[in-house]
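> Provided below for reference: sequence and predicted model.
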Amino acid sequence: SDSEIEIVGHDLKSLIVYLKWKGYGLRGLTFDTMIGAYILNPSRSTFTVAELAQDYLGYTFESVEELTGKGRNYTPFCEIPTQRLAEVSLCHSRTVLMLTDAIREIISKNGQDQLCYEIEMPLIEVLADMEYRGFKVNVDALMQFSSRLDDRIASAEDDIYRAAGEKFNINSPKQLGLILFEKLGLPVIKKTKTGYSTDAEVLEQLASQNSIVSRILEYRQLVKLKSTYAEGLLHVVNPATGRIHSSFNQTVTATGRISSTEPNLQNIPIKLEMGREIRKVFIPENEEYILSDADYSQIELRVLAHITGDNNMIDAFRNNEDIHTATASQVFHVPKDEITPLLRSRAKAVN
């Protein structure tokens, strides 16, 4: 498009990504009403045009979402009469234009122009590029990882059956409860409406009393890795690109962080050794590229030090000290070079 034309819209990232897949670019993006509404109220759960019209313009209209319906009542656009579609689309476009004026005005009054126009709006195109580019995955390595998980799961099952003295459905809380609390006589920690509780909290309390419990916990973790990551990631690899094209969402978290969905790339486990293995399947395009990661150093505590003007915290940061060790030293009245990992961990919780 002509870059001299100012483009405003609602959820423009989805449009940019769609056009990229069709081979088109979009320039001149100036305002997104969904992002604008998020800036004004980041704790909202939904940002539909109809809801924003009600909140900022004080009127209701039939939205495109209502026109097509949802779930079983969904009607594809091609089956909606052209005249009807045109009327709703025109009303939708007019509403977005009016919302643009209304939301921009409040953002300006709030002194949020810099946040809006220098950070959030340019980020839309960055995230669109990220989604379109995707993350290259070593599919062969992922399949091998899945196979290794199968072996580990089978081994855990055998150990559990041997310790229980019989085969049973490990995934059935009812059957597991009977084995643990009636056959093996472990103490009952918690009950549910249907019988014994076998949730993670209960099993962790029982882990030291019988080796079967720790194997059950491991079994559950392995099964979760298999279903969510080994199989889950294989299902979302785009066969045309060999990449995973996750969605990066700008309006989900109340704190301003980006969230990732379909799949969520931000919660890949790291505590289990097998969990860390998953990260190795994400690879650079070729030998000319490397993967790099960066993390803010104590960003929340630096902001806190600035806001509070706390001299101890400010000094610790200016001297490049470990902030948790510095806090531990002050809280527990121990010299910094005598702080143990446990004391540091407690100070971290305090911070």
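Here it is on my side, so go on.
> tell me the secondary structure for L127?
helix (DSSP: H, G, I helix; E, B strand; the rest coil).
> Give me the nearest residue to T327, chain neighbours excluded.
A347 (4.2 Å; CB to CB, 6 or more residues apart in numbering). From N, CA and C alone the C-beta is placed, and that goes for glycine too.
> gap between that neighbour and L304?
Using CB to CB, to the nearest Å, we find A347 at a distance of 14 Å from L304.
> more crowded one of the two?
Higher neighbour count among A347 and L304: A347, with 21 against 14, using other CB atoms under 10 Å.
> ok, L342 - how many residues close by?
Residues near L342, counting by other CB under 10 Å: 9.
> just Y74 next, same as before
So Y74, with other CB under 10 Å, has 8 neighbours.
> any idea of the pLDDT on it?
Note on Y74: pLDDT of 87.
> residue contacts, it?
T68 (CB atoms under 8 Å, 6 or more residues apart in numbering).
> coming back round to it: wait, doesn't the residue nearest to T327 sit right on T325?
Yes - using CB atoms under 8 Å, A347 is in contact with T325, at 7.2 Å.
> So for those two, which residues contact both of them?
Joint contacts of A347 and T325 (CB under 8 Å, 6+ apart) are I339.
> For the stretch 201-350 of the chain, which segments count as strands?
Remark: strands assigned in the stretch 201-350 of the chain by DSSP state E, counting those that start in this stretch are 237-238, 243-244, 247-249, 259-261.
> Format those strands as CSV; extra columns: mean pLDDT, mean neighbour count and distance to S211.
As requested, the strands of the stretch 201-350 of the chain are arranged in CSV below (pLDDT from 0 to 100; neighbours: other CB atoms under 10 Å; distance: least, CB to CB, whole Å):
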stretch, mean pLDDT, mean neighbour count, distance to S211
strand 237-238, 94, 15, 38
strand 243-244, 95, 19, 38
strand 247-249, 95, 17, 42
strand 259-261, 93, 14, 37
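> Mind checking the ones you listed for the one nearest to S108?
strand 247-249 (25.4 Å; CB to CB).
> Work out the sheet partners of the closest one and label each with its direction, please.
Applying DSSP bridges to the sheet, strand 247-249 is found paired with strand 259-261 (antiparallel).
> Measure how far the partner strand is from the centre of its chain, please.
Distance of strand 259-261 from its chain centroid, counting by CA atoms, centre = their mean, to the nearest Å, is 4 Å.
> can you check stretch 315-326 too?
30 Å.
> What of stretch 92-111?
28 Å.
> for stretch 197-205, same thing?
Using CA atoms, centre = their mean, the offset of stretch 197-205 from its chain centre is 26 Å.
> average pLDDT across that stretch?
89.
> I'd like to know which of the strands of the stretch 201-350 of the chain lies nearest to T60.
With CB to CB as the yardstick, what comes closest out of these is strand 247-249 (26.2 Å).
> list the helices and strands the helix or strand H92 falls within packs on?
Secondary structure assigned from DSSP states H and E places H92 in helix 82-109. Where contact means 3 or more CB pairs under 8 Å, 6 or more residues apart in numbering; DSSP states H and E, helix 82-109 is packed against strand 7-9, helix 33-40, helix 49-52, helix 64-68.
> list the helices and strands the second one packs on?
Think helix 33-40. helix 49-52, helix 82-109.
> So what touches that helix?
Here helix 33-40 has contacts from 8-11, 44, 47, 49, 52, 55-56, 96, 99-100, 103-104, 106-107, 110, 112, 115-116, 120-121, 124, 250-251, using CB under 8 Å, 6+ apart.
> Show me which parts of the helix holding H92 are buried, residue by residue.
If you call a residue buried by 16 or more other CB atoms under 10 Å, then helix 82-109 has these buried ones: 88, 91-92, 95-96, 98-100, 102-104, 107.
> between the residues you listed, which is nearest A294?
Nearest to A294 among the buried residues of helix 82-109 is I107, at 29.1 Å by CB to CB.
> any idea how far G28 is from that closest one?
Taken as CB to CB, the span from I107 to G28 is 19 Å.
> Tell me which stretches of the stretch 201-350 of the chain form helices.
211-224, 232-235, 273-279, 299-308, 311-318, 323-332, 341-350 (DSSP state H, counting those that start in this stretch).
> chain center to the fourth one, what's the gap?
The chain centre lies 25 Å from the centre of helix 299-308; the measure is CA atoms, centre = their mean.
> Where does pLDDT dip in the protein?
The model of the chain has pLDDT under 70 over residues 1-3.
> ok, the residue nearest to T327 - contacts?
324-325, 327-328, 331-332, 339.
> Report the two of those separated the most.
Counting by CB to CB, the most remote pair of the contacts of A347 is H324 and F332, 11.7 Å apart.
> out of those two, which sits in the more crowded spot?
Taking neighbours as other CB under 10 Å, H324 and F332 compare with H324 leading, 21 against 14.
> so the more buried one makes contact with A349?
No - under the criterion of CB under 8 Å, H324 is not in contact with A349, lying 9.3 Å apart.
> joint contacts of the two?
With CB under 8 Å, 6+ apart, H324 and A349 have no common neighbours.
> show me the contacts for V88.
So V88 contacts 62-64, 67 (CB under 8 Å, 6+ apart).
> which one of the residues you listed sits closest to I244?
V64 (28.7 Å).
> So the closest residue to the closest one other than its chain neighbours versus S63, what's the distance?
Distances taken as CB to CB, 6+ apart place H92 nearest to V64, at 5.6 Å, with adjacent residues excluded. Counting by CB to CB, the gap from H92 to S63 is 7 Å.
> Sweet, I'm off.
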